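dropping a prediction and its sequence here:
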Amino acid sequence: MAGKKYNAAAEQVDRGKVYSVEEAVSLAKKLAFAKFDETVELDMNLGVDPRKADQMVRGTVVLPHGLGKSKRVVVITSTAKMDEAREAGADEVGGDDIVQRIKGGWVDFDALIATPDMMKSVGQLGKILGPRGLMPNPKTGTVTPDVGRAVRETKAGKIEFRVDKTGVIHAPVGKVSFELSLLTENAKALIDAVMRAKPSTAKGKYVKSAAIASTMGPGIKLDTAAF
């Protein structure tokens, strides 16, 4: 059944056209057919070689209107910073006790923030957290002494983007139920952040192609010249 619905949606996308961000978001909202509130996602195919360390594109951006759900944030820190983390709204705060829980298989959270003094313990969790994209990293602001700010930003809609091994960045920008203007602003904020993260060593065309789609819907090509 979904096949018919997808095909009907895909037929309404002009394959010979590239759309502005606002046009693409509007069309993605219109074509979403699932019974749940689909996520709107942005894909950017970059002209970089992610195998080279100096061409790895990654970073974070606080989406101005969040993602429509509050992230479950866990903080691993020393006693001195625990109250700061709790006051900022962290869902769970602890030290080596949380490290042991994660070692036991607990990964029921969306983001993990750690203070630098705890990284010796947190470093043991790489095999569990790495594949899930949850490993704290100074580059993305999730290893920081300023835990209060990190928690508040994450709760407000801070997302991480990172190019995969095929050179593609894939990230959410909100929900289909969002107003058009809010989704458009979120998408533009992510595009701007990816453009600012362009490595100086990247040669040729930086953004080869880009598209917006809802979880179940067809991809809608963006006019990359506007970036």
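Sure thing, it's come through. Numbering: from 1, shown residues only.

list the contacts of Lys203.
The contact partners of Lys203, by C-beta atoms under 8 Å, 6 or more residues apart in numbering, come to Gly47. Just so you know, the C-beta spots here come from the backbone N, C-alpha and C atoms, and that holds for glycine as well.

against Gln55, how distant is it?
9 Å (C-beta to C-beta, to the nearest Å).

CA-only coordinates of the lowest-mean-pLDDT helix or strand in the chain in PDB, if you can.
Every helix and strand of the chain was ranked by mean pLDDT, DSSP states H and E. The lowest is helix 2-10, at a mean of 85. Output in PDB follows, covering the C-alpha atoms of helix 2-10 (Å, rounded to 0.1, in the frame of the first residue of the first chain):
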ATOM      1  CA  ALA A   2       2.800   2.400   0.900                       C
ATOM      2  CA  GLY A   3       4.300   1.700  -2.500                       C
ATOM      3  CA  LYS A   4       1.300   3.200  -4.200                       C
ATOM      4  CA  LYS A   5       1.200   6.200  -1.900                       C
ATOM      5  CA  TYR A   6       4.900   6.800  -2.400                       C
ATOM      6  CA  ASN A   7       4.600   6.600  -6.200                       C
ATOM      7  CA  ALA A   8       1.700   9.000  -6.100                       C
ATOM      8  CA  ALA A   9       3.800  11.400  -4.100                       C
ATOM      9  CA  ALA A  10       6.800  11.000  -6.300                       C
END
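
list the buried residues in it.
Using 16 or more other C-beta atoms under 10 Å as the test for burial, helix 2-10 gives Ala9.

quick one: the strands in this protein?
With DSSP state E, the ranges of strands along the chain come out as 39-46, 58-62, 73-76, 92-94, 111-114, 158-162, 168-175, 207-214, 220-221.
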